[in-house]
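Colleague: The sequence and its predicted three-dimensional model are supplied below.
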Amino acid sequence: MEPRIQVFPKNTEVKNNHLIIGGVDVAGLCAKYGTPLYIFDELTIRQNCRDFKREFSRRYADSSISYASKAFLHPALLKILAEEGMSLDVVSGGELSVANNAGFPMDMVYLHGNNKSAEELRLALRLHVGRIVVDSFDEIKLLSKLADESGHIPDILLRITPGVDAHTHQHITTGKLDSKFGFPLFQAAEAVGLAMAQASLNLVGFHFHIGSQIFETQPFLDAIDLVLDFAAQVQERYGFDIEELDIGGGYGVQYEVDKPAPPISAYAEAIGAKVVSKCRSLKLTPPSLNIEPGRAIIAQAGVALYTVGVIKDIPGIRLYASVDGGMGDNIRPALYEAKYEAVVANNVQSAEKEKVTIAGKFCESGDILIRDIELPSLRTGDILAVPCCGAYCLPMSSNYNGYHRPAVVMLKNGEDRLIRRRETVEDLSRLDSV
Ligand SMILES: Cc1ncc(COP(=O)(O)O)c(C=O)c1O
Ligand SMILES: N[C@@H](CCCC[NH3+])C(=O)O
């Protein structure tokens, strides 16, 4: 079996040397819909939701799982999440509106953001979202005023930056003290005092998020230690009892064959035990626990499909194969030096292999999707399948160089359906006037 298959959606197999996902021949899909194409496997999404719910509730009964919609947001996905009993994390009025328009239950929504506008806060108040995660002193004051005007008292969490190092890429670490997000611990008590003084706000607990693609459990445990110590301090100082603890997302996923991520059970085991033992030692009533995975729900479910175009051999230097997408649909290699695997969907296994660099078609020399990967010798017209592209690819995509964002297809029970059409030339100037 081709080892890279393990990084693809859960029900991926190889038949007649073709890549088959959810019973569907991937090369055939490309013939039907064109490329670049993003496909999502519904079964993998549902299994990931169920794994999180099962593993956390087993170790900590009073827990909930919120999908971080910034990783990928779509009405079809929202329907699946609602059916799976997931809550939702949104970070703007835009994400909130998409969720509301799709009929997602608003009481299951957490609104985040370090610079929420008055308009976004008014919308959240009008929709009675489940929680507003307040990020700054300015926001406490603004939300208090708006809540007062609206007549609705929102349940709020304060976002704390616990000051732990999550050992991940510096652009995706967020829990360090020098951060634009949240209240550093040394200012957080003052924030609790201010929030409690607002008759129009109902403070229920604390939130932290220490970063993304974190492979160790220890940074989560360190942050829990610090934030629950803080909860005990403010209980003594203000008589505030923490009812909810939201420990954010950041659970790692396997992008590369030789870099397996810890199973969800390992995070759940360590985190559940930590909250229980810490609350016991501090004599705190254990709070409800909310977990906010984005990547770990959706990354593995998504695959990017490209057609190979120009193949350029620079003897003694490098062999390049260019595909019909790149940084316009996946900025992650350029932004974070993210690494990806790939297989040739119409020729998965072959004795003839060579090292090749997969370039995108954008006018940037940094537009390299995968550097020096061993693949069956590529020919123009081959279909390249890049796994683990479900998270933070499409939501961070662009029209750079007049790129038409890809079509998106959902796979379920051997059937495919188009859930987002490919952009057209008309879309490129849709908003413009002369
Ligand atoms: C507040 C918050 N929660 C959850 C997430 C989801 O993170 P991940 O996709 O790494 O699980 C993020 C993004 O990093 C975030 O900023
Ligand atoms: N967008 C990043 C993760 C940051 C998530 C937002 N806090 C990624 O692609 O890995």
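Modeller: That came in fine, so what should we check first? Ligands and ions are numbered 1, 2, ... in the order given.

Colleague: going forward, measure contacts between C-alpha atoms and count neighbours the same way
Modeller: Will do.

Colleague: Contact residues of the stretch 101-250 of the chain facing ligand 1?
Modeller: H209, G211, S212, Q213, G248, G249, G250 (Cα under 6 Å from any ligand atom).

Colleague: Now do the second one: how many residues are near it, please.
Modeller: G211 has 25 neighbours, counted by other Cα atoms under 10 Å.

Colleague: unless I'm mixing things up, it is touching G249, no?
Modeller: Yes: look at G211 against G249 with Cα atoms under 8 Å: they come within range, at 7.4 Å.

Colleague: element containing L431, please.
Modeller: Per DSSP states H and E: L431 is located in neither a helix nor a strand.

Colleague: Run a quick neighbour tally on it.
Modeller: Counted with other Cα under 10 Å, L431 comes out at 7.

Colleague: swap in K278?
Modeller: K278 has 17 nearby residues by other Cα under 10 Å.

Colleague: Show me what counts as buried in the host helix or strand of it.
Modeller: Using DSSP H and E, the element containing K278 is helix 264-282. Residues I264, S265, Y267, A268, E269, I271, G272, K274, V275, V276, K278, C279 are the ones in helix 264-282 that count as buried (16 or more other Cα atoms under 10 Å).

Colleague: Closest to L125 out of the residues you listed?
Modeller: Nearest to L125 among the buried residues of helix 264-282: V275, at 30.7 Å, using Cα to Cα.

Colleague: List the residues that contact that closest one.
Modeller: The contact partners of V275, taken as Cα atoms under 8 Å, 6 or more residues apart in numbering, are I224, P286.

Colleague: Roughly how far does it sit from ligand 2?
Modeller: 23 Å (Cα to the nearest ligand atom, to the nearest Å).

Colleague: Read off the pLDDT value for that residue.
Modeller: In the predicted model, V275 carries a pLDDT score of 98.

Colleague: just the strands in the stretch 101-250 of the chain please.
Modeller: Along the stretch 101-250 of the chain, the segments classed as strands by DSSP state E, counting those that start in this stretch run 109-111, 131-134, 155-161, 183-184, 202-207, 244-246.

Colleague: Mean pLDDT and mean neighbour count added to those, as a markdown table?
Modeller: Formatted as a markdown table, those follow (pLDDT from 0 to 100; neighbours: other Cα atoms under 10 Å):
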| stretch | mean pLDDT | mean neighbour count |
| --- | --- | --- |
| strand 109-111 | 98 | 25 |
| strand 131-134 | 98 | 26 |
| strand 155-161 | 97 | 26 |
| strand 183-184 | 96 | 22 |
| strand 202-207 | 98 | 22 |
| strand 244-246 | 98 | 23 |
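
Colleague: Now for the residue of the stretch 51-200 of the chain found nearest ligand 1: which residues touch it?
Modeller: Ligand 1 sits closest to A68 of the stretch 51-200 of the chain, with a gap of 5.0 Å, by Cα to the nearest ligand atom. For A68, the contact set (Cα under 8 Å, 6+ apart) comprises L88, D89, V90, G249, E292, P293, G294, R295.

Colleague: Dig out what it forms beta bridges with.
Modeller: D89 (DSSP bridges).

Colleague: how near is it to D246?
Modeller: The spacing between A68 and D246, counted by Cα to Cα, to the nearest Å, is 12 Å.

Colleague: Phi and psi next, for the closest residue to P395 other than its chain neighbours.
Modeller: Setting aside the residues directly before and after it, P395 is nearest to F72 in space (Cα to Cα, 6 or more residues apart in numbering), at 5.8 Å. Note on F72: its backbone torsions stand at phi -170, psi 130 [degrees, to the nearest 10].

Colleague: Please name the residues that touch F72.
Modeller: For F72, the contacting residues are I298, G390, A391, Y392, C393, L394, P395, by Cα under 8 Å, 6+ apart.

Colleague: And for D222?
Modeller: Going by Cα under 8 Å, 6+ apart, D222 touches V164.

Colleague: From ligand 1, how far off is it?
Modeller: For D222, the distance to ligand 1 (Cα to the nearest ligand atom) stands at 17 Å.

Colleague: before we move on, what about R405?
Modeller: Going from R405 to ligand 1 by Cα to the nearest ligand atom gives 22 Å.

Colleague: Which pLDDT value belongs to the nearest residue to that residue once chain neighbours are set aside?
Modeller: The shortest distance from R405 to any non-neighbouring residue, by Cα to Cα, 6+ apart, is to E423 (5.3 Å). Confidence at E423, expressed as pLDDT, is 98.

Colleague: wait, doesn't A359 sit right on L319?
Modeller: No: between A359 and L319 there is no contact under Cα under 8 Å: 10.1 Å.

Colleague: Between those two, point out the one with more neighbours.
Modeller: The neighbour count for A359 versus L319, taken as other Cα under 10 Å, is higher for A359 (24 against 17).

Colleague: Name whatever forms a beta bridge with the more buried one.
Modeller: If you apply DSSP bridges, the partners that A359 bridges to are S322, I368.

Colleague: List the contacts of it.
Modeller: Counting by Cα under 8 Å, 6+ apart, A359 touches Y320, A321, S322, V323, G326, D367, I368, L369, I370.

Colleague: Now do the buried residues in the host helix or strand of the last one.
Modeller: I370 is located in strand 368-376, with elements delineated by DSSP H and E. By neighbour count on 16+ other Cα under 10 Å, the buried set for strand 368-376 is I368, L369, I370, R371, I373, L375, P376.

Colleague: before we move on, what about stretch 331-347?
Modeller: Of the residues in stretch 331-347, I331, R332, P333, A334, Y340, E341, A342, V343, V344, A345, N346, N347 count as buried by neighbour count, 16+ other Cα under 10 Å.

Colleague: go on, stretch 143-158?
Modeller: Result for stretch 143-158 [16+ other Cα under 10 Å]: buried residues L143, S144, L146, A147, D148, I153, P154, D155, I156, L157, L158.

Colleague: For the residue of the stretch 301-434 of the chain found nearest ligand 1, give its distance to ligand 2.
Modeller: With Cα to the nearest ligand atom, the shortest gap between the stretch 301-434 of the chain and ligand 1 falls at A391, namely 7.3 Å. To ligand 2, A391 is 7 Å away according to Cα to the nearest ligand atom.

Colleague: if I've got this straight, that residue is in a strand?
Modeller: No: counting by DSSP: H, G, I helix; E, B strand; the rest coil, A391 is located in no strand; its state is coil.

Colleague: What sits closest to L127 if chain neighbours are left out?
Modeller: Excluding the flanking residues, the one nearest L127 by Cα to Cα, 6+ apart is M106, at 6.5 Å.

Colleague: so who does that neighbour touch?
Modeller: Here M106 is in contact with N100, L127, H128, V129, G130 (Cα under 8 Å, 6+ apart).

Colleague: Inside helices: which ones of those residues?
Modeller: Among these, the ones falling in helices (DSSP state H) are N100, L127.
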